[in-house]
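[1] structure here, sequence nowhere to be found:
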Ligand SMILES: Nc1nc2c(ncn2[C@@H]2O[C@H](COP(=O)(O)OP(=O)(O)OP(=O)(O)O)[C@@H](O)[C@H]2O)c(=O)[nH]1
Ligand SMILES: [Zn+2]
């Protein structure tokens with residue numbers, strides 16, 4: 001996995017500032033290429049990570065009911081426009097084999113996968129798939145709701161509109177009752 005090349009970002013941001021007719025030497029802008037490079041290293045830090053490693057934290061617990069961590073806030077970056085999309089993820093799974101993971105690890109997975117140039121659909125799917133792969137549970141469900149700034153601050157300009165995506169695996173896919181339980185739990 002590649003590390004972010006901050007020198008390249010600095011150069012590119014300098015060129016953008018010049019291209020929009022700004023003076024990159026003026027006081028407010030002179031450190032901007034460096035700031036943006038550091039910011040990109042932060043908001044794209046997930047590129048250098050395997051989100052699955054967080055799920056290596058498991059505890060033995062005979063719990064075979066649904067576990068839901070809801071309202072996990074995230075900031076991601078739309079890969080089409082490189083502006084943020086911001087929202088919440090709700091993540092549920094039904095453990096199998098007496099194996100549960102740390103609750104914060106589910107939020108860490110969301111965070112890691114969000115910190116990449118993303119599509120909301122892919123973010124949603126990747127969260128579900130990594131949990132299926134690493135925990136091998138009876139099922140996983142993920143709902144993501146987000147506002148895309150590329151639809152709010154520019155283009156079609158519809159602030160407040162939300163996109164909702166879901167991914168269901170295993171029992172959540174097979175059983176309408178399990179899906180309904182999940183939906184009722186994330187509503188309250
Ligand atoms: N499916 C999907 N589309 C997205 C996501 N983020 C942004 N988009 C869309 O990507 C599309 C890119 O469309 P283009 O026509 O190539 O770009 P554009 O000319 O800037 O389009 P407008 O946003 O309509 O002005 C837009 O419709 C965006 O709303 C996402 O997470 N999922
Ligand atoms: Zn966009």
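    Okay, I see it. These figures come from a predicted structure and were not determined experimentally. Ligands and ions are numbered 1, 2, ... in the order given.
[2] pull out the buried positions in the strand or helix carrying residue 16.
    If you go by DSSP states H and E, residue 16 is part of helix 6-19. Going by neighbour count (16 or more other Cβ atoms under 10 Å), the buried part of helix 6-19 is 9, 10, 13, 14, 17. Bear in mind the C-beta positions are built from the backbone N, C-alpha and C, glycine included.
[3] just stretch 30-39 next, same as before
    Quick answer for stretch 30-39 (16+ other Cβ under 10 Å): 32, 33, 36, 37.
[4] ditto for stretch 148-168
    Going by 16+ other Cβ under 10 Å, stretch 148-168 has these buried residues: 148, 149, 150, 151, 152, 165, 166, 167, 168.
[5] picking that back up, could you dump the buried residues of stretch 30-39 into JSON lines and include secondary structure, pLDDT and distance to ligand 1?
    Shown next, in JSON lines, are the buried residues of stretch 30-39 (DSSP: H, G, I helix; E, B strand; the rest coil; pLDDT from 0 to 100; distance: Cβ to the nearest ligand atom, whole Å):
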{"residue": "32", "secondary structure": "helix", "pLDDT": "98", "distance to ligand 1": "24"}
{"residue": "33", "secondary structure": "helix", "pLDDT": "98", "distance to ligand 1": "25"}
{"residue": "36", "secondary structure": "helix", "pLDDT": "98", "distance to ligand 1": "21"}
{"residue": "37", "secondary structure": "helix", "pLDDT": "98", "distance to ligand 1": "24"}
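[6] endpoint to endpoint, stretch 156-176 covers what distance?
    For stretch 156-176, the first and last residues are 36 Å from each other (Cα to Cα, to the nearest Å).
[7] please parse this structure into its domains.
    Domain assignment for the chain by automatic domain parsing gives 6-43, 56-187.
[8] how far off centre is the shortest one?
    On the basis of Cα atoms, centre = their mean, to the nearest Å, the separation between the geometric centre of domain 6-43 and that of its chain is 25 Å.
[9] quote the end-to-end distance of that domain.
    13 Å.
[10] try stretch 54-68
    Stretch 54-68 end-to-end distance (Cα to Cα) = 17 Å.
[11] got it, and stretch 150-170?
    Terminal residues of stretch 150-170 are spaced 34 Å apart (Cα to Cα).
[12] that stretch near ligand 2 anywhere?
    Yes: with Cβ under 5 Å from the ion as the measure, stretch 150-170 is seen reaching ligand 2 through residue 150.
[13] most centrally placed residue in this protein?
    Geometric centre of the chain, nearest residue: residue 114, 2.4 Å, by Cα atoms, centre = their mean.
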